[in-house]
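Asks: Quick one, fold the following:
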Amino acid sequence: MANNKSSKKRIDVAERNRLRNRTYKSSLRTLMKRCFSACTAYSQAPGETAKTAVQTSLNAAFSKIDKAVKVGVLHSNTGANQKSRLSAAVKKVIEPAVAAKA
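Replies: Numbers count the residues shown, from 1 in each chain. The predicted structure is shown next:
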């Protein structure tokens, strides 16, 4: 256990930051899973509502990733990697559907 005032404060700050980081990472994983599941749903049953669901989930995930990088929860390269994964999954699903219509 901490013996002086400054080390006690550092323990409190570290705990606060740990909880903040955990909430960001948890919500980020949830939004990414929603985006991937929306892509799967769109590939099984393409339609305008499914396409808008994919776009809204992608936008929400991108926003959360950018905020996590800005706050310092994620490294910028990690955020870029996750955004690349999401956009590749969306592109893989939407591009064949657009090509099939043309």
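Asks: Kindly provide the distance from Ala45 to Ser37.
Replies: Taking CB to CB, to the nearest Å as the measure, Ala45 falls 13 Å from Ser37. In short, each C-beta sits where N, CA and C put it, glycine included.
Asks: And those two? Which one has more around it.
Replies: Neighbour count, other CB atoms under 10 Å: between Ala45 and Ser37, Ser37 has more, with 13 against 8.
Asks: show me what contacts that one?
Replies: Counting by CB atoms under 8 Å, 6 or more residues apart in numbering, Ser37 makes contact with nothing.
Asks: Next, the buried residues of whichever strand or helix holds it.
Replies: Using DSSP states H and E, the element containing Ser37 is helix 5-44. Buried residues in helix 5-44, counted by 16 or more other CB atoms under 10 Å: 24, 28, 31-32, 34-36, 38-39, 41-43.
Asks: out of the residues you listed, who's nearest Val71?
Replies: Among the buried residues of helix 5-44, Tyr24 lies closest to Val71 (CB to CB), at 6.9 Å.
Asks: hang on, the closest one packs against Val69?
Replies: No. With contact defined as CB atoms under 8 Å, Tyr24 does not count as touching Val69 (9.9 Å).
Asks: Can you give me the distance of Ala41 to Thr52?
Replies: Counting by CB to CB, the gap from Ala41 to Thr52 is 12 Å.
Asks: Could you save the buried residues of helix 5-44 as JSON lines and add columns showing distance to Met1?
Replies: As requested, the buried residues of helix 5-44 are arranged in JSON lines below (distance: CB to CB, whole Å):
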{"residue": "Tyr24", "distance to Met1": "28"}
{"residue": "Leu28", "distance to Met1": "33"}
{"residue": "Leu31", "distance to Met1": "38"}
{"residue": "Met32", "distance to Met1": "38"}
{"residue": "Arg34", "distance to Met1": "42"}
{"residue": "Cys35", "distance to Met1": "43"}
{"residue": "Phe36", "distance to Met1": "44"}
{"residue": "Ala38", "distance to Met1": "47"}
{"residue": "Cys39", "distance to Met1": "49"}
{"residue": "Ala41", "distance to Met1": "51"}
{"residue": "Tyr42", "distance to Met1": "53"}
{"residue": "Ser43", "distance to Met1": "54"}
